[in-house]
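can't give you the sequence, but here's the structure:
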């Protein structure tokens, strides 16, 4: 995978400087519609076939966006196969500078990248939209499903959201309506995958608290469930043929209307919180959400809060404020893929819609940084960006010049000793090259 991507960048670099190639591109794309390049979706081990199917689905969905030309990584590879300039190898996978070169080659304004994997038994797809010309990440979205086919069906709507086109055609929005006599909800422990068990337990407790804030809901916490199961249900008698039937049996035993279950885990650089709301009476999942988040673990409670609101179909409107500080003196800062601003900011951000936002930062001598955050209604969010320095090139390291100075000094001394014409006269001839 890495070798093929590296070769593609090499070919792109060659194409970017080839007038003949540019002419061929112009002939192949006579319209002026902006291009969106779709990378091959990366796959966890064993999911390569599913990743290929999702890539095809992404291309189809992106191509249906009004005024957009969709170009796939494989399609670029075919076009570039005719080019002769293949000498340059450019190993910059994962670096934002590569997107700028890709923009030059394909005239792409936006680039879609993704990764598919499994968190527990759930299939999870995370997608990113990058601004190739500005070398910044604009936004990210995630979706999860119980099986591969369901994940494919969910790909279209999440692409629409990623590109800012809103929900796809026929998409239904769920809203939790509590019964007049009240609705009971039981919270099952969140499964932890590639994160600590303690983190999963902490988020489960926060999930119960967030659900209790919803008017008309009576929530049974995980501790209460554990107690009821211990004294009222012999778990050995539960004949669970699958996850849905098992949850239905537990819910029936507890006498609740709904069950909330899910997981928290890592997929690549992102945390993913998956939640499911199950109707006990009909033994079916009525809503599921996957909230992907890239950033510090300390902001996971906010990610969980927004995931809970989405699960209940009750995401609040409104706006909040954002304050940013960083460990660099100069750079460029972009919010949600907008035009980068010089850092430090000359004026603060205005009111921002409530929800998830993405911040990209570039600074000379530092790795590019992308981090997500959540803005809540009528609140201020403080964000600290910790940029990581690039390794110092060998020719700029202090120890290189210290060693060089020692070598030079030794060479001069040797030249002095070997150039004495007459030890008795006290004169020497020094030749330093």
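Thanks, I have it. Predicted model, so just to flag it, every value in this text is computed and none were measured. Residues are numbered from 1 along each chain as shown.

where's residue 150 relative to residue 177, distance?
25 Å (Cβ to Cβ, to the nearest Å). For every residue, glycine as well, the C-beta is placed using N, CA and C.

for those two, indicate the residue with more neighbours.
More neighbours surround residue 150 than the other of residue 150 and residue 177, with 14 against 9 (other Cβ atoms under 10 Å).

what about the more buried one, is that helix, strand or coil?
helix (DSSP: H, G, I helix; E, B strand; the rest coil).

now do residue 391
From three-state DSSP, the assignment for residue 391 is coil.

and it, what pLDDT?
pLDDT, residue 391: 86.

again, but for residue 266
Note on residue 266: pLDDT of 89.

phi first, then psi, for the residue nearest to it when sequence neighbours are not counted.
When the adjacent residues along the chain are set aside, residue 266 lies closest to residue 194, with 4.2 Å between them (Cβ to Cβ, 6 or more residues apart in numbering). For residue 194, the backbone dihedrals (degrees, to the nearest 10) come out as phi 60, psi 20.

look up how far residue 159 lies from residue 194.
Distance from residue 194 to residue 159, by Cβ to Cβ: 26 Å.

how about residue 318?
Noted for residue 318: a distance of 27 Å to residue 159, by Cβ to Cβ.

between those two, which is the more surrounded one?
residue 159 (27 against 13).

so that one is in which element?
Residue 159 is part of helix 148-162, with elements assigned from DSSP states H and E.

so what's the residue count around the residue nearest to residue 266?
Using other Cβ under 10 Å: residue 194 sits among 13 other residues.

give me the low-pLDDT residue ranges for the stretch 1-150 of the chain?
Where the stretch 1-150 of the chain drops to pLDDT under 70, the residues are 1-33, 74-75, 77-108.

now the strands for it?
35-38, 42-43, 69-72, 108-119, 122-131, 136-145 (DSSP state E, counting those that start in this stretch).

in its sheet, what does the fifth one sit against?
Strand 122-131 pairs in its sheet with strand 108-119 (antiparallel), strand 136-145 (antiparallel), by DSSP bridges.

relative to residue 323, which of those strands is closest?
strand 136-145 (19.9 Å; Cβ to Cβ).

check contacts around residue 140.
Counting by Cβ atoms under 8 Å, 6 or more residues apart in numbering, residue 140 touches 126-129, 162, 270, 292, 294, 358, 372.

which one of those residues is nearest residue 257?
Taking those together and measuring to residue 257 by Cβ to Cβ, the closest member is residue 292, at 28.8 Å.

my guess is the closest one contacts residue 269. True?
No. Between residue 292 and residue 269 there is no contact under Cβ atoms under 8 Å: 9.9 Å.

who's more crowded, these two?
Using other Cβ under 10 Å as the criterion, residue 292 and residue 269 rank with residue 292 on top: 26 against 14.

residues near residue 55, how many?
23.

residues of stretch 382-390 that come out buried?
For stretch 382-390, a neighbour-count test (16 or more other Cβ atoms under 10 Å) marks 383, 385, 387 as buried.

list of residues touching stretch 177-193?
Residues contacting stretch 177-193 (Cβ under 8 Å, 6+ apart): 119-120, 176, 199-201, 203-204, 207-208, 211, 214-222, 225, 247, 250-251, 254-266, 273.

which parts of the helix or strand containing residue 265 are buried?
Taking DSSP H and E as the criterion, residue 265 maps to strand 258-267. Applying a neighbour-count criterion of 16+ other Cβ under 10 Å, one finds 258-265, 267 buried in strand 258-267.
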